[in-house]
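Asker: make a model of this:
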Amino acid sequence: MTSTFRRATMDDIAKLLKNSTENGKVDEDVIADSDEIRVMECDGEPIMVIGCVRYDRDDLLDMLGVWGIFSRDIKKHTKEAVMFCNDLIFSRVGTKFVVLIDESVPMFRRFVEFFGFKRTKVVEEKFGKMYYVYVKEN
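Answerer: Numbers count the residues shown, from 1 in each chain. Next up is the predicted model:
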């Protein structure tokens, strides 16, 4: 199995949505506002797309909203996915990260908790689903 990491394209996102853990809906505004979008491929197939949206702040911390689309096959590539997310995104110093998590999928909650995200009391509704806001500061 060969893993590669590169800038993502809209074709990667479209291809991944056909075999996604989500319900196939994606917030196109968030994708358009993203400063970075990366794809992790295994044997030429997209397994995960991660994007970051930078928010302006007045303090010393950068704030990034992080979003992702994950293949149903992600469990077969857990080690590579963890390394990809940690090396590319979550190890950045001086950054506050914000993610929305659908807690009806326990894997998503475990994923962000593994990286040190903490659940807030904030809940947002998107596409008819409730998402909890998790944050992490480095």
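Asker: figure out how far the lengthiest strand in the chain is from the centre of its chain.
Answerer: The residue-count maximum for a strand in the chain (DSSP state E) belongs to strand 45-55. How far strand 45-55 lies from its chain's middle: 5 Å, per C-alpha atoms, centre = their mean, to the nearest Å.
Asker: now the helix or strand that comes right after that strand and strand 45-55, what's the angle there?
Answerer: Per DSSP states H and E, the first helix or strand lying C-terminal to strand 45-55 is strand 62-70. Counting by axes from the mean of the first three to the mean of the last three C-alpha atoms, to 10 degrees, strand 62-70 lies at 160 degrees to strand 45-55.
Asker: which other helices and strands contact the very next helix or strand once past strand 62-70?
Answerer: Per DSSP H and E, the first helix or strand lying C-terminal to strand 62-70 is helix 78-85. Here helix 78-85 touches strand 3-7, strand 36-42, strand 45-55, going by 3 or more C-beta pairs under 8 Å, 6 or more residues apart in numbering; DSSP states H and E. C-beta coordinates here come from the backbone N, C-alpha and C atoms, glycine included.
Asker: how about JSON lines for those, with mean pLDDT, mean neighbour count and distance to residue 120 added?
Answerer: As requested, the helices and strands packed on helix 78-85 are exported to JSON lines (pLDDT from 0 to 100; neighbours: other C-beta atoms under 10 Å; distance: least, C-beta to C-beta, whole Å):
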{"stretch": "strand 3-7", "mean pLDDT": "87", "mean neighbour count": "12", "distance to residue 120": "30"}
{"stretch": "strand 36-42", "mean pLDDT": "90", "mean neighbour count": "20", "distance to residue 120": "24"}
{"stretch": "strand 45-55", "mean pLDDT": "88", "mean neighbour count": "20", "distance to residue 120": "15"}
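Asker: distance to residue 115 added to the ones you listed, as JSON lines?
Answerer: Below are the helices and strands packed on helix 78-85 laid out as JSON lines (distance: least, C-beta to C-beta, whole Å):
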{"stretch": "strand 3-7", "distance to residue 115": "17"}
{"stretch": "strand 36-42", "distance to residue 115": "15"}
{"stretch": "strand 45-55", "distance to residue 115": "12"}
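Asker: great, nothing more from me.
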